[in-house]
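>>> just to be clear, the model below is a prediction. Sequence and coordinates:
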Amino acid sequence: MSQSWVRSDNEVLATLQDVVAIESINTSLPGGERGEAGMVEYLGNFFDALDIPYETDEVLPGRSNIIATLEGENPDRVLLFECHMDTASVGVMTIPPYEPHIRDGLLYGRGACDTKAGGVAMIHAMKRFKEAGVKPPCTIKYAGAVDEEFSFKGALRLAETLEADAVVVSEPTDLAVIRAHKGLARFHIVVKGVAAHSAKPYLGINAISKMTRLICAIEDEIAPTYGSMTHPLTGSPTLNIGVISGGVQVNFVADECVIDIDRRVIPGETPEEALVPFQERLARARAADPDLDVTMETPYLMDNPMETSEDAQIVQVAVSACESVIGSSEITGVPYGTDASKFTSVGIPSIVFGPGSIDQAHAAVEWVECEQVIKAVDIYHQIMTQF
């Protein structure tokens with residue numbers, strides 16, 4: 001069956017179209033089947049054609065990171081370029097997710113912005129060195145990572161196993177240099193009640209009613225304290241109660257209610273510290289209500305915030321590269337998390353940088369500006385050249 005989209009004459013954009021057409025939804029998300037396998041196969045073929053050596057590392061069953069190495073003049077000095085290969089699910093999309101049409105300078109499809117555009121720009125920057133027969137000043141590694149959209153397992157493995165002097169992580173930053181972002185703690189709070197018939201609710205203990213009081217306490221007493229905590233690049237901490245579930249049917253007194261909390265952590269605090277006010281507030285609630293059976297479960301995801309000094313070489317080299325290519329630069333921070341925090345947590349200076357806007361990530365209509373993708377190749381190449 002012929003494809004419905006027209007392949008670009010620009011080799012960078014054509015590569016991006018190829019990878020957007022590959023379904024690589026995280027297997028922990030709705031619709032995820034093959035995971036990143038198709039991406040690993042494509043990237044392997046790309047590097048084979050250039051005679052750039054690479055290896056794969058199985059991080060989760062059937063899901064492997066891919067790491068390519070371009071040896072530099074100084075092989076003991078390593079600059080890592082990292083990009084996640086998985087995407088968000090496509091259920092909300094109102095365009096065909098795997099038909100990477102280009103219209104009015106925009107390339108559409110799931111992953112186009114988040115973050116296949118950045119990954120394609122990285123590998124094409126490496127391709128320039130190989131085709132020119134020129135070694136970069138230091139060894140360049142490219143890592144395509146699994147599982148960013150769920151639990152960061154791919155980046156965690158890379159941080160444990162690879163040594164690098166600095167890391168550039170691709171995310172859609174509108175070509176701004178990101179040197180700080182938030183971390184997070186995600187956890188459940190569970191209230192247990194006592195079931196009873198709704199005709200005699202006084203014979204039970206309604207877990208939903210108990211939970212509503214706790215939600216009000218969290219929003220009225222904990223959330224307002226975040227205003228006094230701030231970071232110049234990421235702003236203040238936040239919390240969001242994103243999921244609530246409880247009860248079985250309307251004529252039962254609910255014997256359980258569960259909420260999921262997402263607490264965003266700013267540089268200067270840790271996810272563990274962020275949990276303390278919740279633990280203390282629940283302890284007070286138990287003391288005040290002998291019928292309250294509430295548990296704060298161990299967080300199912302914790303991630304450190306990221307911050308790299310503005311004076312770090314990788315920051316300054318990226319700024320210089322942006323000024324050289326696009327005539328300006330911006331150093332800033334973002335409120336979301338990325339793979340970069342896994343590297344800064346083990347002491348490797350890192351930045352987040354890439355084409356596209358985070359506003360298009362996970363969106364019903366995802367797209368990336370073609371011109372930004374092409375500029376990103378030039379900027380990544382400049383970073384490789386100057387570091």
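Right, received. Where do you want to start? Numbering: from 1, shown residues only.
>>> for the rest of this, base every contact and every neighbour count on C-alpha atoms.
Noted.
>>> which residues are contacting stretch 194-211?
191-193, 246-247, 250-258, 291-292 (C-alpha atoms under 8 Å, 6 or more residues apart in numbering).
>>> gap between it and the chain center?
Chain-centre distance of stretch 194-211: 41 Å, with C-alpha atoms, centre = their mean, to the nearest Å.
>>> distance between the ends of it?
13 Å (C-alpha to C-alpha, to the nearest Å).
>>> which of the residues in that stretch are buried?
Buried residues in stretch 194-211, counted by 16 or more other C-alpha atoms under 10 Å: Val194, Ala195, Ala196, Pro201, Gly204, Ile205, Asn206, Ala207, Ile208, Lys210, Met211.
>>> quick one on the thing from earlier: can you turn the buried part of the contacts of stretch 194-211 into a PyMOL selection?
For the buried members of these, the matching PyMOL selection, counting by 16+ other C-alpha under 10 Å, is:
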select buried, resi 191+192+193+246+247+252+253+254+255+256+257+258+292
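>>> show me the protein divided up by domain.
11-181+305-386, 183-303 (automatic domain parsing).
>>> and Val134, that's in a helix?
No: when classified by DSSP: H, G, I helix; E, B strand; the rest coil, Val134 is found to be coil rather than part of a helix.
>>> what about it, neighbour count?
Per other C-alpha atoms under 10 Å, the neighbour tally for Val134 reads 11.
>>> that one and Arg128: what is the separation?
9 Å.
>>> next one: Ala340
According to C-alpha to C-alpha, Ala340 stands 25 Å off from Arg128.
>>> more neighbours: which of the two?
Taking neighbours as other C-alpha under 10 Å, Ala340 and Arg128 compare with Ala340 leading, 32 against 14.
>>> doesn't Val352 make contact with the more buried one?
Yes: between Ala340 and Val352 there is a contact under C-alpha atoms under 8 Å: 6.7 Å.
>>> can you pull the pLDDT of the residue nearest the centre of the chain?
In the chain, the residue lying closest to the centroid (C-alpha atoms, centre = their mean) is Thr338, at 3.9 Å. Reported pLDDT at Thr338 in the predicted model: 97.
>>> surely it is within a strand?
No: read with three-state DSSP, Thr338 is coil and lies in no strand.
>>> which pLDDT value goes with Leu239?
Leu239 is assigned 97 on the pLDDT scale.
>>> so what does the helix or strand encompassing it touch, helix or strand wise?
In this structure, Leu239 sits in strand 238-246 according to DSSP states H and E. Contacts defined by 3 or more C-alpha pairs under 8 Å, 6 or more residues apart in numbering; DSSP states H and E place strand 238-246 against strand 256-265.
>>> now the strand it packs on: mean pLDDT?
Across strand 256-265, the average pLDDT comes to 98.
>>> that one pairs with which strands, parallel or anti?
Looking at strand 256-265 with DSSP bridges, its partner strands are strand 183-192 (antiparallel), strand 238-246 (antiparallel).
>>> want to throw these into a markdown table with distance to Gly109?
Listed next are the strands paired with strand 256-265 as a markdown table, based on distance: least, C-alpha to C-alpha, whole Å:
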| stretch | distance to Gly109 |
| --- | --- |
| strand 183-192 | 28 |
| strand 238-246 | 27 |
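>>> out of those strands, deepest packed?
strand 183-192 (a mean of 22; mean count of other C-alpha atoms under 10 Å).
>>> low-confidence ranges, this structure, go.
In the predicted model of the chain, residues 1-2 satisfy pLDDT under 70.
>>> can you do 50?
Counting by pLDDT under 50, the chain shows low-confidence ranges at 1.
>>> any idea how far Val146 is from the nearest residue to Val258 once chain neighbours are set aside?
Excluding its sequence neighbours, the residue lying closest to Val258 (C-alpha to C-alpha, 6 or more residues apart in numbering) is Val190, at 4.6 Å. From Val190 across to Val146, the span is 31 Å (C-alpha to C-alpha).
>>> check Asn74 too.
29 Å.
>>> same question, Ala125
From Ala125 across to Val146, the span is 21 Å (C-alpha to C-alpha).
>>> what about the two, which has more around it?
Each of Ala125 and Val146 has its neighbours counted (other C-alpha under 10 Å); Val146 has more, 33 against 22.
>>> wait, the more buried one touches Leu158, no?
No: using C-alpha under 8 Å, Val146 is not in contact with Leu158, being 10.2 Å away.
>>> burial count for Val265?
Val265 sits with 31 neighbouring residues when counted by other C-alpha under 10 Å.
>>> let me fix that, I meant to ask about Gln360.
For Gln360, the count of nearby residues is 18 (other C-alpha under 10 Å).
>>> can you give me every residue that contacts it?
Cys113, Asp114, Glu366, Trp367, Val368.
>>> who wins on neighbours among those residues?
The member of those that has the most neighbours, counting by other C-alpha under 10 Å, is Asp114 with 33 neighbours.
>>> who are the contact partners of the spatially closest residue to that one that is not a sequence neighbour?
In this structure, Asp114 finds its nearest non-sequential neighbour in Ala361, 5.3 Å apart by C-alpha to C-alpha, 6+ apart. Going by C-alpha under 8 Å, 6+ apart, Ala361 touches Gly111, Cys113, Asp114, Pro172.
>>> and if you look at Gly119?
So Gly119 contacts Glu82, Cys83, His84, Gly144, Ser170 (C-alpha under 8 Å, 6+ apart).
>>> strands of the stretch 201-350 of the chain, residue ranges please.
With DSSP state E, counting those that start in this stretch as the criterion, the stretch 201-350 of the chain has strands at 238-246, 256-265, 293-296, 301-303, 306-307, 331-334, 350-352.
>>> make JSON lines out of those strands and add distance to Trp5.
Output for the strands of the stretch 201-350 of the chain, formatted as JSON lines (distance: least, C-alpha to C-alpha, whole Å):
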{"stretch": "strand 238-246", "distance to Trp5": "37"}
{"stretch": "strand 256-265", "distance to Trp5": "39"}
{"stretch": "strand 293-296", "distance to Trp5": "50"}
{"stretch": "strand 301-303", "distance to Trp5": "39"}
{"stretch": "strand 306-307", "distance to Trp5": "39"}
{"stretch": "strand 331-334", "distance to Trp5": "34"}
{"stretch": "strand 350-352", "distance to Trp5": "31"}
